[in-house]
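J.: Here is my input, please return the structure:
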Amino acid sequence: MASVMQKVGKHYSLSRWLLCSTGLTRYLYPTDDELRTLAGVPKEKNKGIKDRRNKENGKISNSTFNVPRNLDIQLEKARICSEDVVHLRFYPEYQWLLDFSLYSLLVYAVTEVYTYFVPLNDEFNLSMMWCSLVLLFSIKILMSLTVQYFQGSESIGERSTVIVTWFAYLVVSMGILLVDEATLETGLETAYKSFNTSAHVFLKNYGVESQGPASKLILKFFIAIWCATIGALFTFPGFRMARMHWDALRYCRERKFVSILLNISFIFPFILILLWLRPISKHYLTVRIFSGLTSPLLTERVFDSLRLILILVAVFIKLVLMPVYFQAYLNIANSKLQEQKKEAGRITNIDLQRKIAAVFYYMCVVALQYIVPPIMCLFLTLMYKSLGGYSWSALLDQAEHDECSPVDAPSLNWSLNEESSVLKSAQEFSLAVNSLKQVLTTEVYRGVLGFATWWICFSWFASTSLGLIYQSYFTHT
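T.: Predicted structure coming up:
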């Protein structure tokens with residue numbers, strides 16, 4: 001698969017297209033020759049050609065001299081091309097994740113179309129493996145980005161922020177896990193009961209007497225640890241997203257439609273969070289009968305499908321607005337230069353050039369911080385739909401389906417021939433695998449994946465909200 005992606009990626013790559021074919025422009029740092037001319041510093045011989053080559057290749061000169069900070073510099077712009085991005089930091093990770101996510105989405109779509117006409121009967125859904133790999137790659141990349149803040153002596157503040165947010169999310173998640181199912185529809189209680197019942201029968205058939213494989217308290221503690229880790233990993237992506245949102249609104253002030261889309265994109269995760277709160281969403285839409293109506297507005301099946309579709313809409317809007325946010329980030333180079341002009345003193349040419357060049361150099365890091373949370377939310381939703389037994393077409397289906405009825409404990413009594421043979425061993429292994437599948441029931445998947453999807457949306461919105469508060473505070477001070 002990696003070889004196929006490598007061959008196809010040379011010609012068709014969504015990740016490269018988003019950076020190089022959406023009209024993004026980057027700011028070029030001034031060369032030594034330009035700085036010497038503006039600052040009145042005597043020029044060195046034969047430096048002009050070398051400076052132009054360094055500027056084109058993204059390299060910074062080694063010769064050092066000082067220029068005033070308030071020097072009147074006008075930065076040149078250039079369209080981003082494929083030759084520019086291959087040298088960026090974390091570009092291979094960015095390209096691999098986005099392209100692999102696209103291929104996984106295509107595999108999932110083909111599988112959904114196939115299973116709609118030919119339902120699976122005890123077969124393994126291959127698309128779930130692809131979705132799981134995307135989630136694993138996403139978490140690995142987030143960890144790689146977070147580890148950068150724990151390296152070196154200049155990131156003490158970032159390290160402290162990650163550690164503090166980890167403990168904060170741990171406390172918040174422990175409080176959320178205590179909320180009653182009638183208020184927050186996590187499904188974890190039902191999942192735990194179903195898992196314990198099925199596991200008890202499974203172990204009993206193998207001669208093991210047990211009331212359940214794990215304590216509820218222990219399971220919730222490990223879930224809280226996972227929640228805290230995800231929240232900590234989302235901290236700086238949320239801060240980066242908030243800064244880009246703040247800048248994008250400022251640059252798109254005259255484009256009303258884009259400004260509305262930006263605000264909708266920012267608030268959408270909060271709307272998704274509310275869809276899991278029964279009193280203010282599911283109760284009003286599926287239980288309460290308004291005056292003039294004889295039935296609720298939606299059935300539970302339609303509401304569950306609508307909730308899944310809205311998550312896809314939120315991710316799609318994020319993808320559409322990627323060029324707007326990326327351009328807002330690239331404009332930081334010019335903003336830094338304008339802020340520097342208000343300062344007194346002098347700065348070396350190398351520091352000035354690095355300040356401008358670093359913005360584009362970390363472009364793929366910012367792209368990963370932007371795209372990883374929506375990707376995780378998307379593929380968790382896809383797994384939630386398939387393994388949880390939901391439907392995309394609940395509005396069109398007229399057939400009656402049982403809604404999340406308790407799955408009977410699997411009957412694991414079987415009779416095998418007494419003679420020892422290879423066939424008997426194969427039958428025992430097959431029955432053991434099938435019985436193990438029955439332990440992970442639909443209720444278990446709905447509880448675990450439903451809560452994971454909700455927590456991703458919660459962490460996504462909470463981190464960006466904290467970042468926006470931080471950005472607003474320091475902007476006004």
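J.: close enough to count as contact, residue 68 and residue 346?
T.: Yes - between residue 68 and residue 346 there is a contact at 5.7 Å, judged by C-beta atoms under 8 Å. Just so you know, the C-beta spots here come from the backbone N, C-alpha and C atoms, and that holds for glycine as well.
J.: So for these two, which residue has more residues nearby?
T.: Higher neighbour count among residue 68 and residue 346: residue 68, with 16 against 13, using other C-beta atoms under 10 Å.
J.: Would you quantify the distance from that one to residue 98?
T.: Residue 68 sits at a distance of 42 Å from residue 98 (criterion: C-beta to C-beta, to the nearest Å).
J.: repeat for residue 293
T.: Counting by C-beta to C-beta, the gap from residue 293 to residue 98 is 45 Å.
J.: the more surrounded of those two?
T.: Using other C-beta under 10 Å as the criterion, residue 293 and residue 98 rank with residue 98 on top: 22 against 9.
J.: Got the confidence number for that one?
T.: Residue 98 is assigned 93 on the pLDDT scale.
J.: Find the nearest non-adjacent residue to it, please.
T.: residue 15 (3.9 Å; C-beta to C-beta, 6 or more residues apart in numbering).
J.: so where does that neighbour fall, helix or strand?
T.: Assigned by DSSP states H and E, residue 15 belongs to helix 14-20.
J.: Kindly state the pLDDT recorded for the residue nearest to residue 98?
T.: 88.
J.: and it, how far is that from residue 66?
T.: 40 Å.
J.: For these two, indicate the residue with more neighbours.
T.: residue 15 (22 against 15).
J.: Would you confirm that that one contacts residue 93?
T.: No - applying C-beta under 8 Å, one finds residue 15 not in contact with residue 93, separated by 10.0 Å.
J.: just to revisit the earlier point, point out the other helices and strands that the helix holding residue 15 packs with.
T.: Contacts defined by 3 or more C-beta pairs under 8 Å, 6 or more residues apart in numbering; DSSP states H and E place helix 14-20 against helix 82-85, helix 91-117, helix 322-330, helix 363-387.
J.: quick one: residue 24 from residue 367, how far?
T.: Relative to residue 367, and taking C-beta to C-beta, residue 24 is found at 11 Å.
J.: re the thing from before, and the very next helix or strand once past the helix holding residue 15, what's buried?
T.: Beyond helix 14-20 on the C-terminal side, the first helix or strand identified by DSSP H and E is strand 25-28. By 16 or more other C-beta atoms under 10 Å, the buried positions in strand 25-28 come out as 26-28.
J.: cool, stretch 132-145 as well?
T.: Buried residues in stretch 132-145 (16+ other C-beta under 10 Å): 134-135, 137-138, 141-142, 145.
J.: ok, residues contacting that stretch?
T.: When contacts are defined by C-beta atoms under 8 Å, 6 or more residues apart in numbering, stretch 132-145 is touched by residues 90, 93, 96-97, 100-101, 104, 233-234, 236-237, 365, 368-369, 372, 375-376, 379-380, 383.
J.: Over to stretch 178-192?
T.: 176-177, 216, 219-220, 223, 276-279, 282, 404, 443-448, 450-451, 454.
J.: And the residue nearest in space to the middle of the chain, how far from residue 367?
T.: Computing the C-alpha centroid of the chain and ranking residues by C-alpha atoms, centre = their mean puts residue 373 first, at 1.5 Å. Per C-beta to C-beta, residue 373 is found 12 Å from residue 367.
J.: again, but for residue 39
T.: Noted for residue 39: a distance of 35 Å to residue 367, by C-beta to C-beta.
J.: Just want to know which of these two has more residues nearby.
T.: residue 367 (26 against 15).
J.: Just give the number of residues close to the residue lying closest to the more buried one once chain neighbours are set aside.
T.: Once flanking residues are discounted, residue 367 sits nearest to residue 94: 5.3 Å by C-beta to C-beta, 6+ apart. The tally of other residues near residue 94 (other C-beta under 10 Å) stands at 25.
J.: same check, this time on residue 197
T.: There are 19 residues near residue 197, going by other C-beta under 10 Å.
J.: Would you agree residue 457 is in contact with residue 271?
T.: No - if you go by C-beta under 8 Å, residue 457 and residue 271 don't touch, sitting 9.1 Å apart.
J.: More neighbours: which of those two?
T.: Shown here are residue 457 and residue 271; by other C-beta under 10 Å, residue 457 has more neighbours (25 against 14).
J.: Sort out which residues of the helix or strand harbouring the more buried one are buried, please.
T.: For residue 457, the element it lies in under DSSP H and E is helix 442-476. Residues of helix 442-476 classed as buried under the neighbour-count rule (16+ other C-beta under 10 Å) are 442-468, 471.
J.: who does it touch, helix- and strand-wise?
T.: Partner elements for helix 442-476 (3+ C-beta pairs under 8 Å, 6+ apart): helix 188-205, helix 216-233, helix 235-251, helix 256-274, helix 363-387.
J.: Could you pull up the residues touching the residue nearest to residue 281 when sequence neighbours are not counted?
T.: Of all residues not flanking residue 281 in the chain, residue 275 sits nearest, at 5.0 Å (C-beta to C-beta, 6+ apart). With contact set as C-beta under 8 Å, 6+ apart, residue 275 has these partners: 281-282, 307, 310.
J.: So which of those is the closest to residue 121?
T.: Comparing the contacts of residue 275 against residue 121 with C-beta to C-beta places residue 307 closest, at 27.5 Å.
J.: ok, that closest one to residue 245 distance?
T.: 24 Å.
J.: Lowest-scoring secondary structure element of the protein by mean pLDDT?
T.: Taking mean pLDDT, DSSP states H and E as the measure, the helix or strand of the chain with the lowest value is helix 48-57, at a mean of 55.
J.: C-terminal to it, what's the next element?
T.: Assigned by DSSP H and E, the successor of helix 48-57 is strand 66-68.
J.: Rounded mean pLDDT for that next one, please.
T.: For strand 66-68, the mean confidence score works out to 85.
J.: How about stretch 233-247?
T.: 93.
J.: Buried residues, it. List them.
T.: 233-247.
J.: wait, which of the residues you listed is closest to residue 254?
T.: residue 247 (14.7 Å).
J.: so who does that closest one touch?
T.: Residue 247 neighbours (C-beta under 8 Å, 6+ apart): 328-329, 331-332, 335.
J.: how about CSV for those residues, with neighbour count added?
T.: Putting the contacts of residue 247 into CSV (neighbours: other C-beta atoms under 10 Å) gives the following:
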residue, neighbour count
328, 22
329, 22
331, 19
332, 18
335, 14
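J.: List just the nearest of those to residue 303.
T.: residue 328 (35.7 Å).
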